[in-house]
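>>> following is a predicted model, sequence given first.
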Amino acid sequence: MAEEKTTQATESQTIGRQELSKRIAKQAKLSQKQAAEVLEATLTAIREALQEGDEVRLVGFGSFKVRQSAARKGVNPRDRQPIEVPAKERVRFFPGKELSEAVVKK
């Protein structure tokens, strides 16, 4: 008799700054306050670099880049009327190979 494989949906949760700083504190053996300061400093440095037009590349993790999106035609979902979507700059994240491989379920 063949075994039936049941697929269980794994519940994921959203991790916010507080939980992330707790995890950093544990990994780096820092106080939670120090970890929160490190996290905030890291995010500020990334934000400022992107504002200056720089690319932020974290080898093994991924890259943050500012990309220009082209103007395009869209449709207003409320009334189905065509609209012009203006060009704008967007922040894009491109995962690195190691990160991509780490999250692939085998």
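Nice, thanks for sending it over. Numbering: from 1, shown residues only.
>>> kindly state the beta-bridge partners for the residue positioned nearest the centre of the chain.
Nearest to the geometric centre of the chain sits residue 93, at 6.3 Å (CA atoms, centre = their mean). Applying DSSP bridges to residue 93 yields these beta-bridge partners: residue 64.
>>> so for it, what's the pLDDT?
You'll see residue 93 listed with a pLDDT of 97.
>>> residues touching it, list them.
Residue 93 makes contact with 62, 63, 64, according to CB atoms under 8 Å, 6 or more residues apart in numbering. C-beta here means a position set from N, CA and C on the backbone, and glycine is covered the same way.
>>> likewise residue 46?
For residue 46, the contact set (CB under 8 Å, 6+ apart) comprises 56, 64.
>>> what are the phi and psi values at it?
Dihedral pair for residue 46: phi -60, psi -50, per degrees, to the nearest 10.
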